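Peer 1: Show me how the following folds:
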Amino acid sequence: MTEHVVARLAELPPGTSNAFVVDGVDIAVFHTTTGALHAISAYCTHQDGPMAAGYIDDGVVLCPVHLMGFCLQTGESHDGQPPIAV
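Peer 2: Residues are numbered from 1 along each chain as shown. Got it, this is the predicted structure:
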């Protein structure tokens, strides 16, 4: 796995997320309240909702459009949707 620096940790406080472009790919980066960092595709596999604007709950990000849930570690859907890229 290739590492890329997209922001300083101070620019993404715990409990926040932001969208970035890395090598032409849109990603959403999440800094959880427990201090973990996760990067997933910037768009929901259901209807392309902006995942960086999603809600984080217990390791799951909910798409802000229709509240489809995806595991931040594996990308697996909790609602029967195709997995999201991590």
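
Peer 1: Go through stretch 53-61 and flag the buried ones.
Peer 2: G54, I56, G59, V60, V61 (16 or more other Cβ atoms under 10 Å). In this view, the C-beta of every residue, glycine as well, is placed from N, C-alpha and C.

Peer 1: Mind listing residues that contact the worst-scoring helix or strand of the chain on mean pLDDT?
Peer 2: Every helix and strand of the chain was ranked by mean pLDDT, DSSP states H and E. The lowest is strand 55-57, at a mean of 89. Residues from elsewhere that reach strand 55-57, judged by Cβ atoms under 8 Å, 6 or more residues apart in numbering: G15, S17, F30, T32, T33, V61, L62, P64, L67, L72.

Peer 1: Count the neighbours of the last one for me.
Peer 2: For L72, the count of nearby residues is 23 (other Cβ atoms under 10 Å).

Peer 1: what does the third one give?
Peer 2: Per other Cβ under 10 Å, the neighbour tally for F30 reads 22.
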